[in-house]
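Asks: Mind looking at a prediction? Sequence and model below.
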Amino acid sequence: NAGVTQTPKFQVLKTGQSMTLQCAQDMNHEYMSWYRQDPGMGLRLIHYSVGAGITDQGEVPNGYNVSRSTTEDFPLRLLSAAPSQTSVYFCASSPGTSGYEQYFGPGTRLTVT
Amino acid sequence: AQSVTQLGSHVSVSEGALVLLRCNYSSSVPPYLFWYVQYPNQGLQLLLKYTTGATLVKGINGFEAEFKKSETSFHLTKPSAHMSDAAEYFCAVSDNTDKLIFGTGTRLQVFP
């Protein structure tokens, strides 16, 4: 099993550009989520999904869109990048919600200039 | 609403010394509690978790944590630090919602 994979590993965008961060898992997990990690702020939940076709907002959803058309994939779209979105982004998956371990991808380091 | 507070953004210990990383939580229902570790330039991996049952939980790499409901705490300990323990540690809580809420993290430095 590859586990949770994320692409790209690094990305530089200009303000106003859009892009999609890819996330895939091969563990048949129902639950997937996106976090951003900023110094001194820990990980903050952006969006999550409890199954294909179902998504919901986390703590910091503004400026981001998600969709979940398959169990395996959970892409995160930045609609119009802003410098405040410079961060490290982590995707995670788990077999269920409360009480289950989340498995993290290696992260995408995004810089918006 | 659930929340997590990690006391001390940086902790430094000597190799062989006790490691104590503090975590307090807030939850309106019995919580599920987690400790994750992040090594440089990597994702997070689970150290240990508490769901129900025994309040002293043992994890990987010699770490353990004790759930104390009366103190709303879930502190992480290791009797003897090793150089390879240097990393960032995150406490997290979830209740009956679908969300896992993380603390701000504690960076552990281990000196020879």
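Replies: Good, I have the coordinates.

Asks: What segments of chain B are strands?
Replies: With DSSP state E as the definition, chain B shows strands at residue ranges B:3-7, B:10-14, B:19-26, B:32-38, B:44-50, B:56-58, B:64-68, B:73-78, B:87-94, B:101-102, B:106-111.

Asks: and what of chain A?
Replies: Using DSSP E, strands in chain A cover A:4-7, A:10-13, A:19-25, A:31-38, A:42-51, A:54-57, A:64-66, A:76-78, A:87-94, A:103-104, A:108-112.

Asks: Walk me through which strands the helix-or-strand element of chain B with minimal mean pLDDT pairs with, and which way each runs.
Replies: The helix or strand of chain B with the lowest confidence, counting by mean pLDDT, DSSP states H and E, is strand B:101-102 at a mean of 90. Under the criterion DSSP bridges, strand B:101-102 sits next to strand B:87-94 (antiparallel) in its sheet.

Asks: quick check: mean pLDDT across the partner strand?
Replies: In this model, strand B:87-94 carries a mean pLDDT of 94.

Asks: tilt between that strand and strand B:73-78?
Replies: 150 degrees (axes from the mean of the first three to the mean of the last three Cα atoms, to 10 degrees).

Asks: circling back to that earlier point, let me have the strands of chain A in CSV, extended by mean neighbour count and mean pLDDT.
Replies: In short, each C-beta sits where N, CA and C put it, glycine included. Output for those, formatted as CSV (neighbours: other Cβ atoms under 10 Å in any protein chain shown; pLDDT from 0 to 100):
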stretch, mean neighbour count, mean pLDDT
strand A:4-7, 18, 96
strand A:10-13, 14, 96
strand A:19-25, 19, 97
strand A:31-38, 24, 95
strand A:42-51, 21, 94
strand A:54-57, 14, 95
strand A:64-66, 19, 97
strand A:76-78, 18, 97
strand A:87-94, 23, 96
strand A:103-104, 22, 92
strand A:108-112, 18, 97
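
Asks: Tabulate those in JSON lines, adding columns for distance to chain B.
Replies: JSON lines is the format used below for these (distance: least, Cβ to the nearest Cβ, whole Å):
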{"stretch": "strand A:4-7", "distance to chain B": "8"}
{"stretch": "strand A:10-13", "distance to chain B": "11"}
{"stretch": "strand A:19-25", "distance to chain B": "11"}
{"stretch": "strand A:31-38", "distance to chain B": "7"}
{"stretch": "strand A:42-51", "distance to chain B": "4"}
{"stretch": "strand A:54-57", "distance to chain B": "7"}
{"stretch": "strand A:64-66", "distance to chain B": "14"}
{"stretch": "strand A:76-78", "distance to chain B": "15"}
{"stretch": "strand A:87-94", "distance to chain B": "6"}
{"stretch": "strand A:103-104", "distance to chain B": "4"}
{"stretch": "strand A:108-112", "distance to chain B": "9"}
